[in-house]
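Peer 1: Make a model of this:
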Amino acid sequence: MDKPAVVLYLIDTRISVPGIPTSGGAEKQLYQLATGLNPALFKPILVQLTPAHTPAAPAGRIGNLDLFHLPIRRFYTGEGIYRIRQICRLARLERVQIIHTFFDKSEVVGWLTSKFSAIPIWVTSRRDLGFKRKRIYREIFKLSSRGCERVIANCLAVKAQAVREENLPAEKIEVIYNGLDLPHNEVSLQHGSLRKELGLSRDTTLVGMVANFNFEIKGHRYFVEAAKALSDRSMGATFVLVGDGPLRKRYEQMVLELGLKEKVRFLGKRDDVPSILSSLDIAVQSSTSEGLSNVILESMAAGKPVVASDVGGSSELVSDGMNGYLVPPADSRALAEAIETLLQNPRKGIQMGRVGKGMVQDKFSQKHMVENYEKLYISLLTEKGLS
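Peer 2: Numbering: from 1, shown residues only. Okay, here's the model as predicted:
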């Protein structure tokens, strides 16, 4: 290419910039992708559509990334139409060649922008199993997704659902796994700091889960029930929950009612998740619906065995008996039994953690993820005769 191809990213929420508490996995992945592209080949521009009342990364330049904040509450209102016109003007001014959308609202806005601004390549994403997708978007996607060049799924399970429920042709969907910034992750580790913060002895066994309290599908109930069962068996572990949200008070009350106040600790929203994971002995993910869990990846990168519900892409990360255990979803008894197996055999957990860390280094690095996106973009540009 004579000059870098311009890639315009749209996301409904805000990206996760270092120093700002993480919004979610997809937001972190997009930041790593947009700032990791080879500047000799690509010029990234990113537009956050998150409403004005939501904290957002400040507009400006981050490395080679130009960041804009153009909030849209509803794309079909006068304000929404005005914002779409702004984005179209930006796309024409920058001569965007690829538009890549993340989440529901951005898919609609990106579809319209690609049409009105004559952007030759539109790529969209599927990041989860669509548990919170509104009906209006399901109906629009039946029409809009026909016009995109590729749909990127972050795991095979998400691809399979898109084929099954959206009738998308399998050859149009490409799987690109999430990646971790491993050097940054390592720098963030502060082994042992969590026990000191909680006033626990250095030999206290810690079992933890990182998940915001926004949706029931994260399965906090099953984690707490498993903690109750293990405490009743006098296993001696302390359980920690990291995250915040409207459902938190409900589970704090549940913990009190079960007599687990001293056994289950709520840490709230944290920006030191790698450090927390490094302090755990066992990492848990008890969701009943999942795409490709970044928390599982981060737990593996921290060298921890993972006990996870067998949903979505979890089986693509956790090899049962190798780097952790998979259990049926919504089954606190099975969850407790898998955790107990590791509590009774800590050496096995250490070995599983080593296996998991090696898997992340080999297959799930940020470098590997970015290279796969670059290959895709170049192939699409070549198909259109733009390379």
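
Peer 1: in the chain, which residue is closest to the centre?
Peer 2: When Cα atoms, centre = their mean is applied to the chain, the residue found nearest the centroid is G25 (2.2 Å).

Peer 1: pretty sure that residue contacts V295?
Peer 2: Yes - between G25 and V295 a contact is recorded at 7.5 Å, counting by Cβ atoms under 8 Å. No exception for glycine: its C-beta is placed from N, CA and C like everyone else's.

Peer 1: so who does the residue nearest to the centre of the chain touch?
Peer 2: When contacts are counted by Cβ atoms under 8 Å, 6 or more residues apart in numbering, G25 touches 127, 178, 293-295.

Peer 1: what about the nearest residue to G208 once chain neighbours are set aside, which SS state?
Peer 2: Of all residues not flanking G208 in the chain, V240 sits nearest, at 4.1 Å (Cβ to Cβ, 6 or more residues apart in numbering). What DSSP: H, G, I helix; E, B strand; the rest coil gives for V240 is strand.

Peer 1: Looking at V240 now. What's its pLDDT?
Peer 2: Here the pLDDT value assigned to V240 is 98.

Peer 1: what residues are up against it?
Peer 2: For V240, the contact set (Cβ under 8 Å, 6+ apart) comprises 194, 198, 206-209, 264-267, 276, 280.

Peer 1: next one: I119
Peer 2: By Cβ under 8 Å, 6+ apart, the residues touching I119 are 8, 91, 96-99, 113.

Peer 1: Let me know the closest of those to I81.
Peer 2: T113 (11.9 Å; Cβ to Cβ).

Peer 1: Tell me if that closest one really is in a helix.
Peer 2: Yes - secondary structure of T113 (three-state DSSP): part of a helix.

Peer 1: what about the strands in the stretch 51-200 of the chain?
Peer 2: Counting by DSSP state E, counting those that start in this stretch, one finds strands in the stretch 51-200 of the chain at the ranges 60-62, 65-69, 98-102, 121-126, 150-153, 173-175.

Peer 1: most tightly surrounded among those?
Peer 2: Comparing these by mean neighbour count (mean count of other Cβ atoms under 10 Å), strand 98-102 comes out on top with a mean of 27.

Peer 1: Which neighbouring elements make contact with that strand?
Peer 2: Applying 3 or more Cβ pairs under 8 Å, 6 or more residues apart in numbering; DSSP states H and E, we find strand 98-102 packed against strand 5-11, helix 104-116, strand 121-126, helix 366-383.

Peer 1: picking up where we left off before, could you give the bridge partners of the residue nearest to G208?
Peer 2: G208, R265 (DSSP bridges).

Peer 1: if I look at it, how far off is S387?
Peer 2: 50 Å (Cβ to Cβ, to the nearest Å).

Peer 1: for K172, same thing?
Peer 2: The value you get for K172 to S387, if Cβ to Cβ is used, is 20 Å.

Peer 1: quick revisit: could you dump the helices and strands packed on strand 98-102 to CSV with mean pLDDT and distance to V318?
Peer 2: Listed next are the helices and strands packed on strand 98-102 as CSV, based on pLDDT from 0 to 100; distance: least, Cβ to Cβ, whole Å:
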stretch, mean pLDDT, distance to V318
strand 5-11, 97, 28
helix 104-116, 91, 28
strand 121-126, 93, 21
helix 366-383, 95, 19
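
Peer 1: Same list (those) but as a markdown table, adding distance to R85.
Peer 2: Below are these laid out as a markdown table (distance: least, Cβ to Cβ, whole Å):
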| stretch | distance to R85 |
| --- | --- |
| strand 5-11 | 14 |
| helix 104-116 | 8 |
| strand 121-126 | 18 |
| helix 366-383 | 26 |
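
Peer 1: that's a strand at A308, yeah?
Peer 2: Yes - assigned with three-state DSSP, A308 falls within a strand.

Peer 1: Quick check, it in contact with P328.
Peer 2: No - applying Cβ under 8 Å, one finds A308 not in contact with P328, separated by 11.0 Å.

Peer 1: Could you check which of the two has the larger neighbour count?
Peer 2: Shown here are A308 and P328; by other Cβ atoms under 10 Å, A308 has more neighbours (29 against 11).

Peer 1: need the contact list for that one.
Peer 2: A308 makes contact with 284-287, 293, 296, 314, 317-318, 324-327, according to Cβ under 8 Å, 6+ apart.

Peer 1: Sort out for me which of the residues you listed are in strands.
Peer 2: In strands, judged by DSSP state E, the following of the contacts of A308 are found: 284-285, 324-327.

Peer 1: with the contacts of G25 in mind, which one is nearest to T50?
Peer 2: For the contacts of G25, the nearest to T50 is R127 (15.9 Å; Cβ to Cβ).

Peer 1: thought that closest one was touching A157?
Peer 2: No - R127 is beyond contact range of A157, at 11.6 Å (criterion: Cβ under 8 Å).

Peer 1: Between the two, which contacts overlap?
Peer 2: Taking Cβ under 8 Å, 6+ apart as the contact rule, R127 and A157 both touch G291.

Peer 1: contacting residues around the closest residue to G313 other than its chain neighbours?
Peer 2: Using Cβ to Cβ, 6+ apart and skipping residues adjacent in sequence, the residue nearest G313 is C155, 3.0 Å away. Going by Cβ under 8 Å, 6+ apart, C155 touches 175, 177, 291-292, 312-313, 316.
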